[in-house]
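Q: No sequence on hand, only this structure:
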């Protein structure tokens, strides 16, 4: 995408309501066109499954291209759905992955004059007095802003996160547009009450526009993991409206390790497993240690520090456990882990994961969930793209015969789903082999307490 000039907005994402709405409106229009073209292709002898598969793949790719270009609320939703990449066949995964990659790279950098204007508005005309140095070059992109490196007045290197001018209104406009195209997302969130889930997601994302809230979240994590041998959370130094200033982490982005190939053994293999375990442990331990779920696990938010610890940034997307969630998990765990169909169906119905009047082929549900159950109870599991692709494709198959489409998800559980899906996406890209059972047992002993003792013990 070409760089913008001062005349075309100072390097900020498309913010006009009509422009953003038109781009989003193009998705269902194109979808309808593909459906009409599909009728003709079926008339020429192509199978229904083949035509429908082609429509789904083209719609998904188009959707993610639009998500990446618009940033804001739309891009955050795309980051959550990035795990859907693993459902795609190998022959289309490469271009799809490129579309997802643009979620972080699509918006041009704000011009220095625009950044300076935001800093003057939020901090004051004397904003430069807070810094010994401020680097206008090489800013890092974020969904609703960008990050600059600077030297704080006490000599510490800091990250200065600056919100795009107009980003807040752009997100509010996105919410309205998302409600209109919400039904299309049923292709990516099968079985869910799509409207309620998207509303919950957007409410959750709207909170990320509040940098005071983000600062409080980061302070909670920084205090909980202070002097930890495995993790580094940068300290919050100041927050002024739409500007957040934190310690700078001089680490290597996780993205670099992901792109270093997939060696089956040796130091690279061991490092992938080590970092994967740290990511898993951070995501599982957050509620117990900081009182919050970390909601934005993707490669750009993790750093490998020079001393080997895992650095974590971006705490806008954090939430407490949904009310009653742990009690629900305790109710589900025994029948799910022990493959007890009748008890599992009763738990599904008690906890609102299916409409009261719908029938459920529970035996097929158990068969579909068994690989996930096996991953938890096995001593280790290799979360490779092939493993994720196989089992996520079974779960997200759009055919009406897919029994998992009978199920739904209470919208209040969206924060947990966001963390789980994002975590799966990152761990799958790492191809990490992990002791899931040992980590779940460590952080949620009350949930796995009823695990069948006949199962092989975790290591």
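A: All right, it came through fine. Every value quoted in this text rests on a predicted model; they were computed, and no experiment measured them. Residues are numbered from 1 along each chain as shown.

Q: all strands of the stretch 151-300 of the chain, in order?
A: 157-163, 231-232, 236-240, 243-247, 252-253, 293-294 (DSSP state E, counting those that start in this stretch).

Q: Give me the next element, helix or strand, following the helix or strand encompassing residue 335.
A: Assessed by DSSP states H and E, residue 335 sits inside helix 325-337. Using DSSP H and E, the next helix or strand after helix 325-337 towards the C-terminus is helix 341-350.

Q: and stretch 110-123, which residues are buried?
A: Residues of stretch 110-123 classed as buried by neighbour count (16 or more other Cβ atoms under 10 Å): 110-111, 114-116, 118-119, 122-123. For the C-beta atoms, the positions are set from N, CA and C on the backbone; glycine is no exception.

Q: typed the wrong thing, it's stretch 221-229
A: Quick answer for stretch 221-229 (16+ other Cβ under 10 Å): 221-222, 224-225.

Q: Dump these to JSON lines, plus pLDDT and distance to residue 268.
A: Formatted as JSON lines, these follow (pLDDT from 0 to 100; distance: Cβ to Cβ, whole Å):
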{"residue": "221", "pLDDT": "98", "distance to residue 268": "29"}
{"residue": "222", "pLDDT": "98", "distance to residue 268": "30"}
{"residue": "224", "pLDDT": "98", "distance to residue 268": "31"}
{"residue": "225", "pLDDT": "98", "distance to residue 268": "26"}
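
Q: Just send the residues you listed back as a markdown table, with distance to residue 140 too.
A: Below are the buried residues of stretch 221-229 laid out as a markdown table (distance: Cβ to Cβ, whole Å):
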| residue | distance to residue 140 |
| --- | --- |
| 221 | 20 |
| 222 | 20 |
| 224 | 25 |
| 225 | 22 |
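
Q: Okay, and which of these map to helices?
A: Residues from the buried residues of stretch 221-229 lying in helices, with DSSP state H as the criterion: 221-222, 224.

Q: which sections of the stretch 101-250 of the chain are below the confidence cut-off?
A: Counting by pLDDT under 70, the stretch 101-250 of the chain has low-confidence residues at 101-108, 138, 142-143, 174-194, 197-198, 201.

Q: run the last query once more with 80
A: Low-confidence segments of the stretch 101-250 of the chain, defined by pLDDT under 80: 101-109, 138-144, 167-208.

Q: And for the stretch 351-459 of the chain?
A: Checking the stretch 351-459 of the chain against pLDDT under 80 turns up 355, 385-386, 388-409, 411, 414, 421, 448-459.

Q: Please repeat the previous calculation with a cut-off of 50.
A: 398, 400, 452-459 (pLDDT under 50).

Q: which residues in it form strands?
A: 381-382, 433-434.

Q: Looking at those strands, which is nearest to residue 163?
A: Proximity to residue 163 (Cβ to Cβ) singles out strand 433-434 among those, at 35.7 Å.
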